[in-house]
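> Model the following, please.
(chains A and B, ligands or ions: 2)
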Amino acid sequence: MVSFVEFLGAKIISNVSSFGDFILVSIRCFRSIFKRPFDTNYFLNQCSFVGVSSVPVVLMTSLSVSMVFAVQLAFGFKQFQAEGLASQVEGLAVIRELAPVITGLMLAGRVGSAMAAEIGTMRITEQIDALECLATDPIHYLFVPRFLAAILMLPMLTILSIYISFWGGHFILVNLSFQSSDFYTSEFFKLISSSDLRIALIKAFVFGVIISLVGCWKGFRTEGGAVGVGAAPTSSVVTSSLWILIADFVLTKLLLV
Amino acid sequence: MPMIKLHNVSKAFDQNKVLDRISLEVEESESLVILGGSGTGKTVLLKVILGLLRPNDGNIFVDGARVNIDQPTALFEIRKKIGMCFQMAALFDSMTVLENISFGLSRHTNYSSVQIRSRVDECLTLVGLRDTATLYPSELSGGMKRRVGFARAIALKPKILLFDEPTTGLDPVMTDVISKVITDLRSELRATTITITHDLKVAFNIGQNISLLHRGSIVASGSPQGFASNQDPLVVQFIKGTSEGPFLADPPPKSQITI
Ligand SMILES: Nc1ncnc2c1ncn2[C@@H]1O[C@H](COP(=O)(O)OP(=O)(O)OP(=O)(O)O)[C@@H](O)[C@H]1O
Ligand SMILES: [Mg+2]
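Ligands and ions are numbered 1, 2, ... in the order given. Prediction:
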C-alpha cells in the first residue's frame, strides 16, 4: 500500500516536473524567435518538409474522411427524409472539426515524430553538444525554424483540407445522392460564417504549436541510445495527439459560445 | 592569469562520483595532456569546462570569466573562444563537410562566402582532407570524420582548443600528422590546448604538462620528463601498460592456464 502511494507520488512528481521542463523550453523557444542570425534556408527547408511534403497525406486523409462522412450523413438524414441537410452538416463538420483535427493528427504523426527522431538522434550523437560548442543555442537553431514552419503551414494545410473535403463531399452527395451541384455548394456553406473559418485557422495554429514544440522537446530530452531515439517519436505522437484533442475541445468550447 | 582554471570541481551522476574536487590550471598557450583509463571522467571534465554539464560543486574560469550555465549569453561568449574536438567527431550529419566547417564562420563572423570558402579550404588542407568538401559525414571513415571535426573546431581560430582523444582509431602515420597539426596550431595561434589521450607517444610529443586522471582525481602531473620518471605505482603501471597493479578497481582474474 505504502509502496503504491510512493510509486504514485513519484509518477506524479516526475510528470509535473517534465511538464514544467516543457514549459521552460517552450518559453526559451518563444524568446529566441527574434534572435539573430535567422537561418532562412533552414526555415524554408522545414516549410517544405512540414508543408509541401504533407500535401499527399492531407489530400488522401481529407478525401477519405469527407467521403465517409458524406455517405454516413446521406444515409442518416435519409431516415428522416431530410437529405438536403446532409450538405449543410458536412460543411459544418468539415470546417469546424474535421479539417483542422485530421490535419493536426496526421501532421503529429508525420512531422512531429520526425522532429523528435531527428533532434533525438542529434542529442545522442552529441551533435547538440557540438552546436553548443559552436556558440549556437540549439533551441534557437533547431526549434525556431520548425516552430515557425509548423504554425505557418498547419493553417495552410487546413485550408487545403477544407478544399479537398468540399470536393470529397461533392463527389458523394452530388454523384451518388443526386443532389445538384449548385445546391450542394450553397448548402455546404449555409451554416458557416466567417468566424467558423477563423476558428478553424486558430485551431490549426494551436495544433502547429503543439506538434512542433512537443516533437522538438521530446527529441531534445532524448536519453540513452537507440531505445531512446525509438521512444521519442512514439511518445511525441501520443502526447501531441492527446493535446490536440484536448485543445480542440477547449478551443471549441471557448470560441464557439 | 591562467587561461583555464578549475577550482575544486566535482561532478557526480546520481551515486556515481565522476570528478572529485579537481583543481587544475592551464596557462596561456600551454599544452596540457590528460591521461587516464577508460571511463575515468576525461570527457566529463571537458564537458564541464565547456558548460555542457553542470558541476555539482566548484568553479571554472576560462580566460578570466566564470563558466555559468545559468547565464547563456556569457557562456556563448566563452564558447566562442573554445574549439572542441569530440571523441566521436559529432559532425552534423545532415550537412556536407563544407557546411560543417563553415557553420561557425557563417554564424559568428561577417566573412563573405568567398572568404568562408578559403578559410574552409585552409582548415581542410591542415588536416589533409582537401577534396572532401562536398561529401557528407556518412561518406567518411571514422578517422576522416575526426579530422573534419578537428577542422570545424579550428575554423574560428579559437584561443583554446580541447581535444577529446584526437588520435584514437587513426593509423600511426595519421596519429603523427595530427600531433604535428596540434603542435603547429599552438605555435601559429598560440592556442591553449587540453588534449585527452591514451596514446603515450602523442602525450610526450605535444604535452608541456602531463596529468594522470584516476577515479575522479588528478593523481600525478608534471613535465613529460618528470612524468616519465614518476615512481607512483599508478603512473608506472599506466606507462608500462600492464594489467597488474593498483590501476584497475577489479582487475581481470589471473589466468588459470599454465604452460
Ligand atoms: N550523461 C551521463 N549520465 C550518466 N553517467 C555518465 C554520463 N556521462 C558520463 N557518465 C559516467 O561518467 C563516467 C566517465 O565517463 P567519461 O565519458 O568521462 O569517460 P572517459 O574518461 O572519457 O572514458 P573514455 O576514455 O572511454 O572515453 C563513466 O562512468 C560514465 O558512466
Ligand atoms: Mg571519453
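
> Of all the residues in stretch B:105-122, which ones are buried?
B:Leu105, B:Arg107, B:His108, B:Ile116, B:Arg117, B:Arg119, B:Val120 (16 or more other CB atoms under 10 Å in any protein chain shown). For every residue, glycine as well, the C-beta is placed using N, CA and C.

> List just the nearest of those to B:Glu28.
Here the nearest of these to B:Glu28, counting by CB to CB, is B:His108; it sits at 21.9 Å.

> right, and the closest one touches A:Ala135 too?
Yes: with contact defined as CB atoms under 8 Å, B:His108 counts as touching A:Ala135 (6.3 Å).

> Give me the common contacts of these two.
By CB atoms under 8 Å, 6 or more residues apart in numbering or on different chains, B:His108 and A:Ala135 have these common neighbours: B:Lys80.

> quick one, what contacts B:Ile101?
Contact analysis of B:Ile101 by CB under 8 Å, 6+ apart lists B:Val120, B:Cys123, B:Leu124, B:Val148, B:Ala151, B:Arg152, B:Ala155.

> Most neighbours among those, which one?
With neighbours taken as other CB atoms under 10 Å in any protein chain shown, the top of the contacts of B:Ile101 is B:Arg152, carrying 31 neighbours.

> for the chain, which spans come out with low pLDDT?
Defaulting to chain A. Within chain A, the stretches with pLDDT under 70 are A:257.

> meant chain B actually
By pLDDT under 70, the low-scoring segments of chain B are B:251-259.

> what's near enough to touch A:Thr185?
Applying CB under 8 Å, 6+ apart to A:Thr185 gives the contacts A:His170.

> where does it fall, helix, sheet strand or coil?
Secondary structure assignment for A:Thr185 (DSSP: H, G, I helix; E, B strand; the rest coil): helix.

> these two touch, right, B:Gly36 and B:Leu212?
Yes: taking CB under 8 Å as the definition, B:Gly36 is a contact partner of B:Leu212 at 6.2 Å.

> got the residues of chain B near ligand 1?
Within reach of ligand 1 by CB under 6 Å from any ligand atom, chain B has these residues: B:Phe13, B:Asn16, B:Val18, B:Gly36, B:Ser38, B:Gly39, B:Thr40, B:Gly41, B:Lys42, B:Thr43, B:Val44, B:Gln87.

> Need the three-state assignment for the fifth one.
Just to be clear, that refers to B:Ser38. Here B:Ser38 takes the coil state, with states given by three-state DSSP.

> That one: how many residues sit nearby?
The tally of other residues near B:Ser38 (other CB under 10 Å) stands at 7.

> nearest to ligand 1, of the buried residues of stretch B:105-122?
Nearest to ligand 1 among those: B:Arg107, at 26.5 Å, using CB to the nearest ligand atom.

> In which helix or strand does that closest one reside?
Element membership of B:Arg107, judged by DSSP states H and E, is helix B:97-108.

> in the stretch 101-250 of chain A, which spans are helices?
In the stretch 101-250 of chain A, helices defined by DSSP state H, counting those that start in this stretch lie at A:113-124, A:127-133, A:138, A:144-170, A:181-188, A:194-220, A:226-256, listed in chain order.

> Now the residue in the stretch 151-259 of chain B that ligand 2 sits nearest to: closest residue in space that isn't a chain neighbour?
Residue nearest to ligand 2 within the stretch 151-259 of chain B: B:Asp164 (5.7 Å; CB to the ion). Distances taken as CB to CB, 6 or more residues apart in numbering or on different chains place B:Gln87 nearest to B:Asp164, at 4.2 Å, with adjacent residues excluded.

> Run a quick neighbour tally on that neighbour.
So B:Gln87, with other CB under 10 Å, has 18 neighbours.

> Please tell me I have it right and it contacts B:Phe163.
No: counting by CB under 8 Å, B:Gln87 sits too far from B:Phe163 to count as a contact (9.3 Å).

> and residue 196, what does it touch?
Since no chain was named, I'll use chain A. So A:Asp196 contacts A:Leu92, A:Ile95, A:Arg96 (CB under 8 Å, 6+ apart).

> Can you look at chain B instead?
Applying CB under 8 Å, 6+ apart to B:Ile196 gives the contacts B:Val33, B:Ile34, B:Leu35, B:Gly36, B:Lys42, B:Thr43, B:Leu45, B:Leu46, B:Phe163, B:Asp164, B:Glu165.
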